[in-house]
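Peer 1: predicted model follows, preceded by the sequence.
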Amino acid sequence: MPTIIKKLDAGSYQLKDQVVAINRVTKVVKGGKNLSFAALVVVGDPSAAVVGYGSGKAKEVPQAIRKGIESAKKNLVRVNLTQTSIPHTVLGRFGSGMVLLKPAAEGTGVIAGGAVRAVMTSAGVQNVLTKSIGTTNPHNVVKATFDALKRLKNREDVAALRGKTVQEL
């Protein structure tokens, strides 16, 4: 049963952006090499548990970051959270990258590497244990993290799927 994802309006949130990776790329042409920059950016509103990612390319770094932010605002997702952590353990996959997210006790903090940490802090998760498995490519790690966040279910959804009340679970 595919879930219907409604588009979230970026204007209604206090979004904070975080640059995950900047890559200098070249295109070899007849006259030599054309330099440009690719930026991977994560935006999110920790108070609303909303997060998105995007990438932008331009001749200069600030323009690439600006394009990445605009792209990220277009694909925001809402994350199902408990008070300060995630409801259950989940494994997200993209390409050869996998990201394991585990709920953590109060006061643990965000135990995560660079790309996963950017997504977790932007989403407003305060206590979580993570493990990145496979590729270290920041693009694939971010996409695998988003896959994991999209797989998170809250108690009400699980109860509805099983045809039970929340108290019966």
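Peer 2: Yes, it's here.
Peer 1: alpha carbons only for contacts and neighbour counts from here, please
Peer 2: OK.
Peer 1: how does this structure divide into domains?
Peer 2: 10-77, 80-168 (automatic domain parsing).
Peer 1: straight-line length of the last one, end to end?
Peer 2: Spelled out, that is domain 80-168. 20 Å (Cα to Cα, to the nearest Å).
Peer 1: same thing with stretch 144-164?
Peer 2: 31 Å.
Peer 1: report the contact partners of Val142.
Peer 2: 53, 115-116, 119 (Cα atoms under 8 Å, 6 or more residues apart in numbering).
Peer 1: 7 Å - rerun?
Peer 2: Going by Cα atoms under 7 Å, 6 or more residues apart in numbering, Val142 touches 115-116.
Peer 1: ok, back up a step: tabulate the domains of the chain in CSV, adding columns for mean pLDDT.
Peer 2: Below are those laid out as CSV (pLDDT from 0 to 100):
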stretch, mean pLDDT
domain 10-77, 92
domain 80-168, 89
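Peer 1: these two touch, right, Lys143 and Phe94?
Peer 2: Yes. Applying Cα atoms under 7 Å, one finds Lys143 in contact with Phe94, separated by 6.1 Å.
Peer 1: neighbour count: these two, which is higher?
Peer 2: A count of neighbours by other Cα atoms under 10 Å puts Lys143 above the other of Lys143 and Phe94, at 22 against 18.
Peer 1: the more buried one in helix, strand or coil?
Peer 2: Following DSSP: H, G, I helix; E, B strand; the rest coil, the label given to Lys143 is helix.
Peer 1: fine, thanks again, bye for now.
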